[in-house]
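A.B. asks: Attaching a predicted model along with its sequence, questions to come.
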Amino acid sequence: MTEKGYFSPDIADLLATVRDTLKQVAPQLERGPAYQLHVSGFLLELALRELESGDTAAVHSQQRLSRLLGAEGSAVELTWKLCRALRAGALDARWDEVLQVLLEDNVERVRIVRPDVLAAEHRPQTT
């Protein structure tokens, strides 16, 4: 229900319904179309994870980069600032910190794209 009182399905529910339907149809298809359906299902799963996470990854990245660089800006701006600082050797003495920030950023991105390939300690916690 929306605030106006009429039914409005949740986008995540709609995508999940399409995903589930594709999974039911896939075994009935020949190899080529079945593969295309598999790819479509993967993309739907990715979209669902993106919806679930919202802008969390970008916000966390911005916060980490801001702390590392002692600067303000968007995640994109700070990423470019990090690149320039790395090229200039300005962070050579803080390599462990840089690597930790890069690891955390990439783990958060992979949690959305392919959580199944993460090492156990980086996988999302299931309840």
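C.D. replies: All right, it came through fine. Numbers count the residues shown, from 1 in each chain.

A.B. asks: rest of the way, CA atoms for contacts and neighbours
C.D. replies: OK.

A.B. asks: Low-confidence stretches in the chain?
C.D. replies: 1-7, 124, 126-127 (pLDDT under 70).

A.B. asks: Domain boundaries for it, per the record?
C.D. replies: In terms of domains, the chain is parsed into 11-53, 56-122 (source: automatic domain parsing).

A.B. asks: Three-state assignment for Gly73, please.
C.D. replies: Secondary structure, DSSP: H, G, I helix; E, B strand; the rest coil: Gly73 is coil.

A.B. asks: residues contacting the spatially most central residue of the chain?
C.D. replies: The residue lying closest to the centre of the chain (CA atoms, centre = their mean) is Ile112, at 3.1 Å. With contact taken as CA atoms under 8 Å, 6 or more residues apart in numbering, Ile112 is in contact with Leu46, Arg49, Glu50, Ser53.

A.B. asks: Apart from its chain neighbours, what residue comes closest to the second one?
C.D. replies: Sequence neighbours aside, Ile112 is the residue nearest to Arg49 in space, at 5.5 Å (criterion: CA to CA, 6 or more residues apart in numbering).

A.B. asks: how close does that neighbour sit to Asn106?
C.D. replies: According to CA to CA, to the nearest Å, Ile112 stands 10 Å off from Asn106.

A.B. asks: could you dump the contacts of Ile112 to TSV with secondary structure and neighbour count?
C.D. replies: As requested, the contacts of Ile112 are arranged in TSV below (DSSP: H, G, I helix; E, B strand; the rest coil; neighbours: other CA atoms under 10 Å):
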residue	secondary structure	neighbour count
Leu46	helix	17
Arg49	helix	17
Glu50	helix	18
Ser53	helix	14
